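Participant: Give the three-dimensional model of this entry:
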Amino acid sequence: MIAMENAAYVVGSYVVTLGGIAAYAWVVLARARRAARQVPREDRPWT
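Facilitator: Modelled structure (predicted):
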């Protein structure tokens with residue numbers, strides 16, 4: 001079947017794309033936590 005010949009490329013592309021998005025989200029959240037620690041407690045509207 002022609003569709004199954006390219007399945008590895010399609011699945012691989014999804015893995016790379018979703019992995020990249022997850023890694024980017026991890027970095028953004030880590031930077032946000034690091035920045036939030038520098039804000040004085042009385043200036044934190046989210047707490």
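Participant: Quick check: phi and psi at residue 44.
Facilitator: Torsion angles at residue 44 (phi, psi; degrees, to the nearest 10) stand at phi -100, psi 100.
Participant: So the spatially closest residue to it that is not a sequence neighbour, which state does it fall into?
Facilitator: Once flanking residues are discounted, residue 44 sits nearest to residue 36: 7.2 Å by C-beta to C-beta, 6 or more residues apart in numbering. The way it works is simple: take the backbone N, C-alpha and C, and place the C-beta from them, glycine included. Under DSSP: H, G, I helix; E, B strand; the rest coil, residue 36 falls in the helix class.
Participant: cool, and residue 39?
Facilitator: coil.
Participant: Now do the strands in this protein.
Facilitator: Assigned strands in the chain: none (criterion: DSSP state E).
Participant: still on that earlier bit, wait, isn't the residue nearest to residue 44 in contact with residue 30?
Facilitator: No: assessed by C-beta atoms under 8 Å, residue 36 is found out of contact with residue 30, at 10.8 Å.
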